[in-house]
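# Here is the input, now give the coordinates:
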Amino acid sequence: MNGMEGVITPEMAGGMMAMMGAFFVFFLFLGIAVYVFMAICLQTIAKKTNTENAWLAWIPVANIFLVANIAKKPVWWAILCFIPIINIVAGIVLAIGVAEARGKESWMGILMIIPGVNLIVLGYLAFSN
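As a prediction, this is how the structure comes out:
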């Protein structure tokens, strides 16, 4: 014990800032990649289900209304996605509707609530026959 415990040197602070910056850049690019993948999948699903305005998949809030159109639900189902607690049920119902619109089993829509698995299911719904 030399009395220097808890002291952060400028080199340590610089190293911590570099690591935080690297994590930030990594997760920024990961988030962008996931968003682009989801938009491509949603646009592909919209085109395969002959839904108008498939380009809405690229607009953050408008894509919820596109999902409601794909699921053949009224617009108010998309609005329900903005109400806490109710949005969970509305999201599941819309995801089931999207799966059924693609001719798949409804349980695939339920899988959409599992993080990570939702990307696989969305890709399957978009790129399968």
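# so where's this structure shaky on pLDDT?
Within the chain, the ranges that satisfy pLDDT under 70 run 1-5.
# Residue 29 in helix, strand or coil?
Look at residue 29: counting by DSSP: H, G, I helix; E, B strand; the rest coil, its state is helix.
# Just after the strand or helix carrying residue 66, pick out the following helix or strand.
Secondary structure from DSSP states H and E places residue 66 in helix 62-70. Along the chain past helix 62-70, the next helix or strand (assigned with DSSP H and E) turns out to be helix 75-80.
# Can you list the buried residues in that following helix?
Residues of helix 75-80 classed as buried: 77, 78, 80 (neighbour count, 16 or more other CB atoms under 10 Å). All C-beta atoms are positioned from the backbone trio N, CA, C, and that covers glycine.
# Show me what the helix holding residue 66 is packed against.
helix 10-48, helix 75-80, helix 86-101 (3 or more CB pairs under 8 Å, 6 or more residues apart in numbering; DSSP states H and E).
# can you put the buried residues of helix 75-80 in TSV and add distance to residue 47?
Formatted as TSV, these follow (distance: CB to CB, whole Å):
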residue	distance to residue 47
77	21
78	19
80	25
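# thinking again about what came up before, what's the most buried one of the helices and strands packed on helix 62-70?
Among the helices and strands packed on helix 62-70, helix 86-101 has the highest mean neighbour count (mean count of other CB atoms under 10 Å), at a mean of 19.
# Packing partners of that one?
Checking 3+ CB pairs under 8 Å, 6+ apart, helix 86-101 ends up next to helix 62-70, helix 75-80, helix 107-110, helix 117-127.
# Can you say which of the ones you listed is packed in most?
For the helices and strands packed on helix 86-101, the highest mean count by mean count of other CB under 10 Å goes to helix 62-70, at a mean of 21.
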